[in-house]
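1. One predicted model, sequence on top.
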Amino acid sequence: MPDYSIILEKNMSIEQVYKRDLYNPEMLILARESRSLSQKDLSEITELPQSKISKYESHIFIPTEEDIKILAAKLDYPISFFTLNHIRQNDHLDLYRKQRSTMKSLQLKEVKAMINIYRIRLSYLLQAVNFNVNLHDINVDEENTPQMIAQKIRNYWRVPDGPINNLVKFIESTGIIVIYTTIGESIKFSGCSFYVGHVPIVIVNRHDPVDRIRFTIAHEIGHIIMHHNAQIILDEKEAEKQADSFASEFLAPENEIGIQLRDLSFDRLLQLKYHWKMSMASLIEKAKHLNKLSDSQYRYIRGRYCNKFKNGEPGKLPYENSNTLNNIVDIYKKDLQYTDNDLQEILHSHNIDLKSMFMYDNNLNLRIVR
């Protein structure tokens, strides 16, 4: 059932909306970090002492009714947001390699906070919809390399030979939700993945080129299948290497693409990019991995690639819409008779632009939970 704690909040007294014994300091931290603010920044815009904000976040003090109204207004969240029973989670984010050492702490915290808020909103939205997830976890071991796991998953999902023409549509048909977002653009956020209940979620940067988006989605699927429920916890570099290997093989199986990676030229790479819907850079790495390039050939073509395509690769691929979230919104609006205001209330947020948050297209086979 939806959480009705904030319905009609604008017509209720502060005593009715704000139950001080339900105050959750985790939500104040999330709200502040999602606005890319430090405690000092928040103190300045609210004119509340930083020492008081610190104690509110540490749960030493509970905000007064007057202070929670000020905090809610300046952070642009409804008062009820600060009473939600959720705990922050530290999700792994996939970032462009060059950004890992230069990103600012507040920027990273902003993205992680927004991912947590996505998780919270999805936990409410998914309550009314029954999802069938067709997923098979496989741990990496001596008998299951990431490449072998990718091959097994293609077989398990009955992927036809050749490229997957619309990866987003195919992945969503398995019950995995793909979300495009604009958060984290300043730190070159590529994507992340997590579960809401039993439903896997993949979030990707909608401003990335389509070839990068497709590789990021496949990379995150690799994390979901190999790492989310893994028995052994890997270090980050090894987990990323495994997810990259999975993605490369999932998108372009060795036994199909191998013979096509001989005698590479940039014209040939562009042809292969259009066919396999992978970046030219990824295809060069694939050729190196499959020993289709010697070390000297690899260094030569990589050097020329870096000089020739400083401002981006040629070859624009068609955009692939994600549909599932918008279909869920349709169920709420058409079947459950929710208005936009009702949806904003159950998502505990102000002024959500549903059309930009949930990209629109045709319906999937989703059913209301009875």
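-> Right, received. Where do you want to start?

2. switch to C-alpha atoms for all contacts and neighbour counts from now on
-> Noted.

3. Give me the buried positions along the host helix or strand of residue 153.
-> Per DSSP states H and E, residue 153 falls inside helix 146-156. By neighbour count with 16 or more other Cα atoms under 10 Å, helix 146-156 contains the buried residues 146-154.

4. So which residue is dead centre in this protein?
-> residue 203 (1.8 Å; Cα atoms, centre = their mean).

5. Spell out the secondary structure type for it.
-> Recorded secondary structure, residue 203: strand (DSSP: H, G, I helix; E, B strand; the rest coil).

6. for the closest residue to it other than its chain neighbours, what are its contacts?
-> With sequence-adjacent residues excluded and distances taken as Cα to Cα, 6 or more residues apart in numbering, residue 203 is closest to residue 179, at 4.7 Å. By Cα atoms under 8 Å, 6 or more residues apart in numbering, the contact list for residue 179 reads 201-204, 322, 325, 358.

7. do that again at 7 Å, thanks
-> By Cα atoms under 7 Å, 6 or more residues apart in numbering, the contact set of residue 179 is 202-204, 322.

8. What spatial separation is found between it and residue 119?
-> According to Cα to Cα, to the nearest Å, residue 179 stands 11 Å off from residue 119.

9. which regions of the protein sit below the pLDDT cut-off?
-> Within the chain, the stretches with pLDDT under 70 are 1-17, 94-103, 184-187, 230-233, 351-370.

10. For residue 132, which non-adjacent residue is closest in space?
-> Per Cα to Cα, 6+ apart, closest to residue 132 is residue 175, 5.8 Å.

11. from what I can see the one you found touches residue 135, true?
-> No - shown here, residue 175 and residue 135 do not form a contact pair, counting by Cα atoms under 7 Å, at 8.1 Å.

12. Could you check which of these two has the larger neighbour count?
-> Neighbour count, other Cα atoms under 10 Å: between residue 175 and residue 135, residue 175 has more, with 20 against 17.

13. if I pick the more buried one, what's in contact with it?
-> With Cα under 7 Å, 6+ apart, residue 175 has these contacts: 131-134.

14. farthest-separated two in the residues you listed?
-> 131 and 134 (9.6 Å; Cα to Cα).

15. So for the two, which sits in the more crowded spot?
-> A count of neighbours by other Cα under 10 Å puts residue 131 above the other of residue 131 and residue 134, at 18 against 13.

16. and which of the contacts of residue 175 is nearest to residue 272?
-> Closest to residue 272, out of all of the contacts of residue 175 and judged by Cα to Cα, is residue 134, at 30.1 Å.

17. if we can go back for a sec, give me the buried positions along the next helix or strand after the helix holding residue 153.
-> Moving toward the C-terminus from helix 146-156, the next helix or strand (DSSP H and E) is helix 167-173. Neighbour counts over helix 167-173 (16+ other Cα under 10 Å) mark 167-169, 171-173 as buried.

18. Tell me the one of those nearest residue 227?
-> Closest approach between these and residue 227, by Cα to Cα: residue 171, at 17.8 Å.

19. still on that earlier bit, would it be right to say that the residue nearest to residue 132 lies in a helix?
-> No - secondary structure of residue 175 (three-state DSSP): coil, not part of a helix.

20. Tell me the spacing between it and residue 305.
-> Taken as Cα to Cα, the span from residue 175 to residue 305 is 38 Å.

21. swap in residue 127?
-> Where residue 305 is concerned, residue 127 sits at a distance of 48 Å (Cα to Cα).

22. Return the residues in contact with the closest residue to residue 29 other than its chain neighbours.
-> Nearest residue to residue 29 in three dimensions, chain neighbours excluded: residue 57, at 6.3 Å (Cα to Cα, 6+ apart). Counting by Cα under 7 Å, 6+ apart, residue 57 touches 25-26, 28-29.

23. swap in residue 147?
-> Here residue 147 is in contact with 245-246, 249 (Cα under 7 Å, 6+ apart).

24. What about those residues, which are in strands?
-> In strands, defined here by DSSP state E, there are no members of the contacts of residue 147.

25. neighbour-wise, which of those leads?
-> Highest neighbour count within the contacts of residue 147, by other Cα under 10 Å: residue 246, with 30 neighbours.

26. a strand runs through residue 36, doesn't it?
-> No - using three-state DSSP, the secondary structure at residue 36 is coil, not a strand.
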